[in-house]
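A.B. asks: okay, predicted coordinates and the sequence, questions at the end:
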Amino acid sequence: MNILLLLSGLALFLLGMNIMGDSLEKISGGRLESVLEKMTNKQYKGVLLGAGVTAVTQSSSAVTVMVVGFVNSGIMRLSRAVSIIMGANIGTTFTAWVLSLAGISSDNFFVQLFKPATFAPVLAVIGVFLLLFAKSEKPKNTGAVLAGFSVLMLGMGNMSSAMSTLADSAEFSSLLIKFSNPVLGIIAGALLTAVIQSSSASVGILQALSLTGSVSFLTAFPIILGQNIGTCATTLISSVGTSKNAKRAAFVHLYFNLIGVALAMALFYGANAIFSFDFAQNAVSPFEIAIIHSVFNIFATLLLLPFSKQLERLAVKTVKSGNDSMQDKYIDENLFISPSYTIEKCRELGFKMADSVNESAALALEMVNNYSDEGDKRLQKLKKQIDEYEEILKGYIIRISRESISKDDSKKVFLLFQAVEDFAKAADYSMKIAAAKKKIKDIALSESALGEIDEIGCVLKALADVSTGSFRRNDAQLAKRAAELEDSVDSLHRRFKSLHVARLESGECSAALAFKFSEIISGIEHIADHFAAVSLAVIEVWG
């Protein structure tokens, strides 16, 4: 029964952390990740931001994996990633401080208020109330954070209860004595953290165990150091199949922890051999474990931050330069740990696609007046790029749609999907206009026909600017202007077709040219339809 209680406690602990992290991500809407991405080259800012974002997201693994993704995508330089990784190690100690409240022992009323057993049920009631009765999304997400924290603390309580009977077990005591061996302690901490993929959770397990009074300082110290090494496993796994620099970022994380652990071990055990610390055999409390965890990571950061360039060089020597076989990615796979951030990156890619479609339409119109093989090659290149954007974005949109995302993010995904469809079709018609002109490239259209194409082309350019602008800014008011411009294009299309029929009947234009002219202005009209459809989607979503 104790084993079942322990496993259920661990399950609830991990579930609570997961709920908290997901809900905090929805509240932030990708803003925390954007802060990381826009880091300056000041090292201390990197440390502070890495620590802050990790404290909020409750996962140093998530932040370091995200940093690997940034480096892989070329968003962040390797040198800039080093300080953020160090900061993430400090930020992950925040959870240990919260969990240390479980070890408070006093009959004072106000002290008792700070115990999780007192405030966690209250937070659970508030959280569930917000989840059930709040109408807007932000209060619901806040409720999920509170409920997740309460589940986490319930799991912590179950683990503590399951381990309470171990205090009087001779077998358990002898096992703990073995872990006081520095090497075995480090291995145990590293393996536990690597298996459950969370240093916060493994430290929480150690804190729950410490409530039995059986864990001495000499036992806890190497295990905590090993837990910091174990958290590197997630980062190393995430770097598989990435670029050279992304792999180097993962190794920076590993080397930082390995060197930090080696220095802390040498310093503590060397000093203990000389001064024989009296407290070494004393039982540690959850609060003291939180102190050890924080002091180690702050110590390692202060010591190694001035040597960040040397860490970077060590990683470069480990992952040597050479031809990088990985194809360039627009959005790195590692960034999928944050759906909101991925949506923002997809939108940015959608903006690039819109610009390329806009350019292809303008180039197709230019080629009607002045066809050239260079222009045709440029148009072919743009079309290939647009097709790549379409394929990549549709793949990401399908994956994002399976995630639990906020209503605003759902709107963004819906609009992006509609826009990608229409932009791709608009690009197809640009190619058809160029193909029609290519067949008659040695035959000049009449001045009247060219003037009409210029006139309808000017309206199309205005419509394209309005449509892509409304899409970029989620501006429903600007999108409404696109409907007026589309009506103008439709009106000009009908009028110019009638005028062209008259030219054909009068013999001013040949039958061969007549068909090509019709293809060109019909292509313009179709491009206008698809640009306008994007604006209609903007109105539908944000109007």
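C.D. replies: Here it is on my side, so go on. Numbers count the residues shown, from 1 in each chain.
A.B. asks: CA atoms for contacts and neighbours, from now on please.
C.D. replies: Will do.
A.B. asks: by contact count, what packs against the helix or strand where Leu363 lies?
C.D. replies: In this structure, Leu363 sits in helix 339-369 according to DSSP states H and E. Counting by 3 or more C-alpha pairs under 8 Å, 6 or more residues apart in numbering; DSSP states H and E, the packing neighbours recorded for helix 339-369 are helix 31-37, helix 373-400, helix 407-439, helix 447-473.
A.B. asks: okay if I get those as a markdown table plus mean neighbour count, distance to Ile90 and mean pLDDT?
C.D. replies: Output for those, formatted as a markdown table (neighbours: other C-alpha atoms under 10 Å; distance: least, C-alpha to C-alpha, whole Å; pLDDT from 0 to 100):
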| stretch | mean neighbour count | distance to Ile90 | mean pLDDT |
| --- | --- | --- | --- |
| helix 31-37 | 17 | 16 | 64 |
| helix 373-400 | 16 | 31 | 91 |
| helix 407-439 | 20 | 31 | 93 |
| helix 447-473 | 19 | 37 | 93 |
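A.B. asks: make sure Val53 is indeed in a helix.
C.D. replies: Yes. Val53: assigned to a helix according to DSSP: H, G, I helix; E, B strand; the rest coil.
A.B. asks: ok, it touching Gly91?
C.D. replies: Yes. Counting by C-alpha atoms under 8 Å, Val53 does reach Gly91; the two are 7.4 Å apart.
A.B. asks: more neighbours: these two, which one.
C.D. replies: Counted by other C-alpha atoms under 10 Å, Val53 and Gly91 do not tie: Gly91 has more neighbours, with 28 against 23.
A.B. asks: residues near the closest residue to the more buried one other than its chain neighbours, how many?
C.D. replies: Counting by C-alpha to C-alpha, 6 or more residues apart in numbering, Gly91 lies nearest to Ala51, which is 3.8 Å off, once chain neighbours are set aside. Around Ala51 there are 25 other residues, counting by other C-alpha under 10 Å.
A.B. asks: and Ala51, how far is that from Ile433?
C.D. replies: The gap separating Ala51 from Ile433 is 54 Å, by C-alpha to C-alpha, to the nearest Å.
A.B. asks: what packs against the helix or strand hosting Pro222?
C.D. replies: Assigned by DSSP H and E, Pro222 belongs to helix 217-230. With contacts taken as 3+ C-alpha pairs under 8 Å, 6+ apart, helix 217-230 sits against helix 170-179, helix 182-196, helix 199-210, helix 244-275, helix 286-304.
A.B. asks: tell me which of the ones you listed lies nearest to Leu460.
C.D. replies: Leu460 lies closest, by C-alpha to C-alpha, to one member of the helices and strands packed on helix 217-230: helix 244-275, at 43.3 Å.
A.B. asks: any buried residues in the closest one, and which?
C.D. replies: Residues 244-258, 260-261, 264-265 are the ones in helix 244-275 that count as buried (16 or more other C-alpha atoms under 10 Å).
A.B. asks: just to revisit the earlier point, ok, the residue nearest to Gly91 to Ser83 distance?
C.D. replies: Ala51 is 10 Å from Ser83, where distance means C-alpha to C-alpha.
A.B. asks: number of nearby residues for Leu504?
C.D. replies: A total of 15 residues lie near Leu504 under the criterion other C-alpha under 10 Å.
A.B. asks: so it makes contact with Phe515?
C.D. replies: No. Counting by C-alpha under 8 Å, Leu504 does not reach Phe515; the two are 10.1 Å apart.
A.B. asks: residue ranges with poor pLDDT in the stretch 1-150 of the chain?
C.D. replies: Across the stretch 1-150 of the chain, the ranges flagged by pLDDT under 70 are 1, 21, 25, 28-41, 57-58, 73-75, 102-117.
A.B. asks: repeat that with 90
C.D. replies: 1-46, 49-50, 52-81, 92, 94-123, 135-138, 141, 145-146, 148-150 (pLDDT under 90).
A.B. asks: and the helices in it, which stretches?
C.D. replies: Secondary structure of the stretch 1-150 of the chain (DSSP state H, counting those that start in this stretch): helices at 2-28, 31-37, 43-57, 60-73, 78-91, 93-99, 109-113, 116-133, 137-164.
A.B. asks: which elements pack onto the fifth one?
C.D. replies: Identification of packing neighbours for helix 78-91 by 3+ C-alpha pairs under 8 Å, 6+ apart yields helix 43-57, helix 60-73, helix 244-275, helix 286-304, helix 308-318.
A.B. asks: outside of that helix, which residues touch it?
C.D. replies: For helix 78-91, the external contacting residues (C-alpha atoms under 8 Å, 6 or more residues apart in numbering) are 39-41, 43-44, 46-55, 60, 63-64, 67, 71, 228, 245-246, 248-249, 252-253, 256, 294, 297-298, 301, 305, 308-309, 312.
A.B. asks: go again using 6 Å as the cut-off
C.D. replies: 43, 46-48, 50-51, 54-55, 60, 64, 297, 301 (C-alpha atoms under 6 Å, 6 or more residues apart in numbering).
A.B. asks: using a markdown table, lay out the residues you listed together with distance to Val98.
C.D. replies: Shown next, in a markdown table, are these (distance: C-alpha to C-alpha, whole Å):
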| residue | distance to Val98 |
| --- | --- |
| Gln43 | 27 |
| Gly46 | 24 |
| Val47 | 21 |
| Leu48 | 19 |
| Gly50 | 19 |
| Ala51 | 15 |
| Thr54 | 14 |
| Ala55 | 11 |
| Ser60 | 16 |
| Thr64 | 22 |
| Asn297 | 17 |
| Thr301 | 22 |
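A.B. asks: please identify which of those residues is nearest to Val195.
C.D. replies: Set against Val195, the nearest of the contacts of helix 78-91 by C-alpha to C-alpha is Ser60 (15.3 Å).
A.B. asks: between Ala51 and Ser83, which contacts overlap?
C.D. replies: Jointly contacting Ala51 and Ser83 under the rule C-alpha under 6 Å, 6+ apart is no residue at all.
A.B. asks: just to revisit the earlier point, need the helices and strands packed on helix 339-369 in CSV (columns: distance to Ala483).
C.D. replies: Converted to CSV, these look like this (distance: least, C-alpha to C-alpha, whole Å):
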stretch, distance to Ala483
helix 31-37, 33
helix 373-400, 25
helix 407-439, 15
helix 447-473, 9
